[in-house]
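Colleague: requesting a structural model of the entry that follows:
(chains A and B)
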There are 2 protein chains.
Amino acid sequence: MTRDEARAADARDPLGGVRARFRLPPDVIYLDGNSLGALPATTPGAMAAGVETAWGNRLIRSWNEGWVEAPRRIGDRIAPLIGAAPGEVIACDSTSANLYKLIVAALRAAGGRTTVLSEAGNFPTDLHVAEGAVAAVPGARLRVVARDDIADALDADTALLLLTHVHYTSGRRFDMAAVTAAAHDMGATVLWDLSHSVGAVAVDLNGAGADLAVGCGYKYLNGGPGAPAFLFVAERHQARLANPLSGWFGHAEPFAFTDDYRPADGIDRWLCGTPPVLGLMALEAGIATFDGVTMAALEAKSAALFDLFRARGEAAGLHCITPVDPAGRGSHISFRHPEAWPINSALIEAGVIGDFRTPDVLRFGLTPLYTGFEDVWRATETLGAIMADGRWRAARYAEKARVT
Amino acid sequence: MTRDEARAADARDPLGGVRARFRLPPDVIYLDGNSLGALPATTPGAMAAGVETAWGNRLIRSWNEGWVEAPRRIGDRIAPLIGAAPGEVIACDSTSANLYKLIVAALRAAGGRTTVLSEAGNFPTDLHVAEGAVAAVPGARLRVVARDDIADALDADTALLLLTHVHYTSGRRFDMAAVTAAAHDMGATVLWDLSHSVGAVAVDLNGAGADLAVGCGYKYLNGGPGAPAFLFVAERHQARLANPLSGWFGHAEPFAFTDDYRPADGIDRWLCGTPPVLGLMALEAGIATFDGVTMAALEAKSAALFDLFRARGEAAGLHCITPVDPAGRGSHISFRHPEAWPINSALIEAGVIGDFRTPDVLRFGLTPLYTGFEDVWRATETLGAIMADGRWRAARYAEKARVT
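Modeller: From the prediction side, this is the model:
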């Protein structure tokens, strides 16, 4: 594909107009929306109104004018993106805290089963939190096995299978329906981490018979740095699972101010403390960037961006580790190279913001709402130039990795 | 005191100029800053810059340009307000989640002691969370006793004494040093909830030999609705206590992406998920409203506002339940009246925003940074008129309480 052909692909892209829903800096090509989504154009105004009017003028009265309901209202806006029903999703806390709630809850309701099974190399916080969660349930343990050994490791003691739907490094995607069915056949519950799936690929939790899920608000949902996360509990499980983080906003009557905890019916019981209203305002504006966009259209564009990136990335000398089959991956593309860190640094200096993942992975987010074909063409042209001229070998690219 | 005398008191108030640090709506007298602090004048600009520049333009790079350090940096700004040292406070999660972390951690380090002791009628989330926390530690239990029975209830099984320093309803304040010493004499650890103390009264955690504390960012700290909370762990306890919510941001090397959890040294281990950056931005601007203000000056003004409010409130026929001794209370004033709910509703309609607390308490926040003597004079004048003309008896004030 030539640059002109990339431009032509943008011109006929049915999602091309959606890019105007974002404020993108003119001097960079941003390929890290899977780590931090770009700023929606409506967010500054929504935040200003929320801060100056709802907080500044209405003050405490705003709790009765939309704030109390925000976690549930936003959950109901996330629901259609993940195949959930209204009342099955709530926006709250961090992904990590939500993992803790659901792991502990599932273990306590597991009828004597004691094992949480997960994947070696899962996103770190999933494993870290699982370590903490099993410590809260007598006899429970965390078992971590290689991806290819998960099916065999499911057994009569498996209480919970904890998996990230799309892997944060490789981009590999589990077959949610098949894995869920296999776990159910063994009597286990499944908790899906959708952080790299929600807003990236079509997810159908109820179609897959899923039990529990968590996900991130600040990646593909464009909710802003450290946005509130969300959690999903299938309706059939809601009455039997209890939130270990039993804070007042999960109480049946938070403003009755009683000493005893009595959980709310339904999804509200998964709230803990006072909701993070400013973060929720930005998350709500972020989710609105999906208005009128079908996941099928997103997936189709993502696949075309992927094919272009892969062909030109491999031509530049990198080895793609993300599955070629679109059904087997998310919406990012990763390459392995022993010098991934300095190459990524050189790319950033050249205005192409991708991501490094330890020890040797270059990762690029393909966010079809605001990434175009010409972006990918230019980014891979720069990548090719960096690989060809070897500028990444310069000492200044060797400094220690921090967040990327 | 006449209205002119109240004006004169404002004119000579050494904190009078601080009011300009806030954007207060002109049509109300706001006496609920102990529930939701007012909007600082710098916050809209700080949020706009944070959203449009740090997020919108710098994107993922901002994590290396101030975001990663924000929880600790803000903790270090809270520390001098509560008598803590740098590195002993961190801003994170909600008060409720922070209570859970510290209660579980203290129980696990209690050498076989199993009781969490707290006060009946403590703020509900403290008791609710304690219920959830004891369920995470085999053999642990929550014991709730009347305030006057706490000293006698401390015994050789008390692992943790969990108290709110200033009571959210009555405004009664515990003698932190004396209670801490009594608990230490019995071999117990103390966890102070400072939600109604921080920024309201002088707090000296290290002077009192305190162990653990949590507090709220959205009340007197003016951090905005649902602002991140904070927690304090005395330096001597930091190495021996473990965070049960073992998320990736509390890891010694969050970006090394290892499967095993290894806690950070020091206060950073109390982080869990990705920090809520937008909320932290507002909290940082809120704390800056205290720049150059001494807690002694705040307490002196609060005492004078209290005396004025009490005299005129009692003259209007309400019964003050907040201790008269300034050392025995926080910075709000509460009155008991069987018709507190409709009276509060009538006050709000008349532009005086106070607070109702079930079942029969009228509560008014005295926030000396932005509340003046004429405000109190006018508010109590309105209160007197409402009590005299009986308008609160009208049916429209009887609707069901929600958040107030």
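
Colleague: what does the stretch 101-250 of chain A put close to chain B?
Modeller: Residues of the stretch 101-250 of chain A lying near chain B by CB under 8 Å from any CB of the partner chain: A:104, A:120-125, A:127-129, A:131-132, A:135-138, A:144, A:218, A:224-229, A:243-250. Where C-beta positions appear, they are placed from N, C-alpha and C, glycine not excepted.

Colleague: return the subset of those residues lying in helices.
Modeller: A:104, A:124, A:125, A:127, A:128, A:129, A:131, A:132 (DSSP state H).

Colleague: distance-wise, check the residue of the stretch 201-350 of chain A found nearest chain B relative to residue B:219.
Modeller: Nearest residue of the stretch 201-350 of chain A to chain B: residue A:273, at 2.5 Å (CB to the nearest CB). From residue A:273 across to residue B:219, the span is 13 Å (CB to CB, to the nearest Å).

Colleague: got it, and residue A:353?
Modeller: Noted for residue A:353: a distance of 39 Å to residue B:219, by CB to CB.

Colleague: with residue A:391 instead?
Modeller: 53 Å.

Colleague: higher neighbour count, these two?
Modeller: Neighbour comparison, residue A:391 and residue B:219: the larger count goes to residue B:219, with 29 against 16 (by other CB atoms under 10 Å in any protein chain shown).

Colleague: touching, the more buried one and residue B:193? I think so.
Modeller: No - Residue B:219 is not in contact with residue B:193 according to CB atoms under 8 Å; the separation is 11.6 Å.

Colleague: elements contacting the longest helix anywhere in chain A?
Modeller: Scanning chain A for the longest helix, with DSSP H as the assignment, gives helix A:295-315. Applying 3 or more CB pairs under 8 Å, 6 or more residues apart in numbering or on different chains; DSSP states H and E, we find helix A:295-315 packed against strand A:319-320, strand A:332-336, helix A:373-389.

Colleague: next one: that helix to chain centre, how far?
Modeller: Averaged C-alpha coordinates place helix A:295-315 at 19 Å from its chain's average position (CA atoms, centre = their mean, to the nearest Å).

Colleague: contacts only, for the residue of the stretch 51-200 of chain A found nearest chain B.
Modeller: Using CB to the nearest CB, the closest approach of the stretch 51-200 of chain A to chain B is made by residue A:94 at 2.5 Å. Contacts for residue A:94 (CB atoms under 8 Å, 6 or more residues apart in numbering or on different chains) come out as A:226, A:228, A:229, B:93, B:247, B:272, B:273, B:274, B:276.

Colleague: which strand or helix spans the residue lying closest to it once chain neighbours are set aside?
Modeller: Of all residues not flanking residue A:94 in the chain, residue B:273 sits nearest, at 2.5 Å (CB to CB, 6 or more residues apart in numbering or on different chains). For residue B:273, there is no enclosing helix or strand under DSSP states H and E.

Colleague: pretty sure residue B:273 is touching residue A:92, no?
Modeller: No - Residue B:273 sits out of contact with residue A:92 when judged by CB under 8 Å, with a separation of 11.3 Å.

Colleague: show me whatever sits in contact with both of these two.
Modeller: Shared contacts of residue B:273 and residue A:92 (CB under 8 Å, 6+ apart): residue A:229.

Colleague: compare those two (neighbour count), which wins?
Modeller: Taking neighbours as other CB under 10 Å, residue B:273 and residue A:92 compare with residue A:92 leading, 31 against 27.

Colleague: report the beta-bridge partners for the more buried one.
Modeller: Beta bridges link residue A:92 to residue A:229 when assigned by DSSP bridges.

Colleague: hang on, the residue of the stretch 201-350 of chain A closest to chain B packs against residue B:96?
Modeller: Yes - under the criterion of CB under 8 Å, residue A:273 makes contact with residue B:96 at 3.4 Å.

Colleague: what sits in contact with each of the two?
Modeller: A:247, A:248, A:249, B:125.

Colleague: from the residues you listed, which single one is nearest residue A:50?
Modeller: residue A:249 (19.0 Å; CB to CB).

Colleague: tell me the contacts of the residue nearest to that closest one when sequence neighbours are not counted?
Modeller: Residue nearest to residue A:249 in three dimensions, not counting chain neighbours: residue A:271, with 3.8 Å by CB to CB, 6+ apart. Going by CB under 8 Å, 6+ apart, residue A:271 touches A:71, A:90, A:92, A:247, A:249, A:250, A:264.
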